[in-house]
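Engineer: Okay, predicted coordinates and the sequence, questions at the end:
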Amino acid sequence: MKMAIKAIENLIDENFVYAKVLNYFGVQFYENRGKTLKEICQENNLSEDRLKELLEKSIQLKPSKEELMTYPARLIIEYLKHSHQLFIKDRLPYILKLINEIGEKDSSHLISDLKFVMPMFVEDFIKHIYEEEDRLFHYVSSVEQYLASGDNVLAPVMIKGFSINDFIHHHGDSDDEMKGIRGITDQYNVDDLDDMHLKVILKELQQFDSELTHHASIENEILFPKAIQLEKSYSAIQNSIAGLN
């Protein structure tokens, strides 16, 4: 069966990302589940090729950890900051929109829990991201810039009460809420769900959880070791300068 004559519901069952592609064009998938992709395109003056193009872009490959390992800290930080913006401006708003627009149904307890928990998670998550960028990312970038230039004018200003090791130690705190979300969704289980809207929500949450885990692993396994080494090099230079004085 060609893609164009498949029902929206069947397409989304095959790949939940179609729901987000349709949302991009202002089409609410849960209100058009029985229509074919061809019908949707005709009614909304959309291009089937454009829909397919966006779908392909949404699943594009990302740099491997091995490739990121060769990057200087500042480029890793830029990569992570780009991911932060995708989380804040794209992934989470879309998930919240889906949750807010779903009505109370057979799984009303799960829906109610998500409507209660997700806004709090998003608020805490954004706060964590901005703290990370303002404190850790800024400091590490300053240290690396100083070491590359050797110019004392660029020497980083120590942030009062800030420690890379302490920051790393508490870094896992932002994952606590995701553990709770895994719990209330039974690990994003959709086996016994018939409602397509709720299925898409759980699939999006599962995808976000996976992206967040990957993001954290890049920080833990690549950025943090580089940051610690940079700080050691910086401290050694400062100690040497102090000894000369």
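Structural biologist: Here it is on my side, so go on.

Engineer: mind listing the strands for the chain?
Structural biologist: Taking DSSP state E as the test, none of the chain falls into strands.

Engineer: Domain boundaries for it, per the record?
Structural biologist: 3-58, 65-244 (automatic domain parsing).

Engineer: What pLDDT is listed against residue 227?
Structural biologist: Note for residue 227: predicted pLDDT of 92.

Engineer: Pass me the low-pLDDT residue ranges in this protein, would you?
Structural biologist: 1-4, 55-56, 58-61, 105-107, 150-162, 172-177, 242-245 (pLDDT under 70).

Engineer: Centre-most residue in it?
Structural biologist: residue 87 (3.9 Å; CA atoms, centre = their mean).

Engineer: Just confirm that one contacts residue 125, I think it does.
Structural biologist: Yes - the pair residue 87 and residue 125 qualifies as a contact (CB atoms under 8 Å) at a distance of 7.5 Å. C-beta here means a position set from N, CA and C on the backbone, and glycine is covered the same way.

Engineer: quick one, what contacts residue 110?
Structural biologist: 184-185, 198 (CB atoms under 8 Å, 6 or more residues apart in numbering).

Engineer: For the residue nearest to residue 147 when sequence neighbours are not counted, grab the count of nearby residues.
Structural biologist: In this structure, residue 147 finds its nearest non-sequential neighbour in residue 233, 5.8 Å apart by CB to CB, 6 or more residues apart in numbering. Neighbours of residue 233 under the rule other CB atoms under 10 Å: 14.

Engineer: Surely residue 233 touches residue 144?
Structural biologist: No - using CB under 8 Å, residue 233 is not in contact with residue 144, being 9.4 Å away.

Engineer: returning to what we had before: any of the contacts of residue 110 buried? List them.
Structural biologist: 185, 198 (16 or more other CB atoms under 10 Å).

Engineer: The contacts of residue 110 into a markdown table, with extra columns for distance to residue 166?
Structural biologist: Converted to a markdown table, those look like this (distance: CB to CB, whole Å):
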| residue | distance to residue 166 |
| --- | --- |
| 184 | 31 |
| 185 | 32 |
| 198 | 40 |
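
Engineer: tell me which of the contacts of residue 110 is nearest to residue 41?
Structural biologist: Residue 41 lies nearest to residue 198 out of those, by CB to CB, at 25.7 Å.

Engineer: So what's the residue count around the closest residue to residue 33 other than its chain neighbours?
Structural biologist: By the measure of CB to CB, 6+ apart, the closest residue to residue 33 outside its immediate chain neighbours is residue 9, 4.1 Å from it. Using other CB under 10 Å, residue 9 has 16 other residues around it.

Engineer: What of residue 238?
Structural biologist: Around residue 238 there are 14 residues (other CB under 10 Å).

Engineer: before we move on, what about residue 122?
Structural biologist: Neighbours of residue 122 (other CB under 10 Å): 17.

Engineer: which residues touch it?
Structural biologist: 92, 96.

Engineer: try the one 5 residues further on
Structural biologist: Taking CB under 8 Å, 6+ apart, we find residue 127 in contact with no residue.

Engineer: how near is it to residue 52?
Structural biologist: Distance, residue 127 to residue 52, using CB to CB, to the nearest Å: 38 Å.
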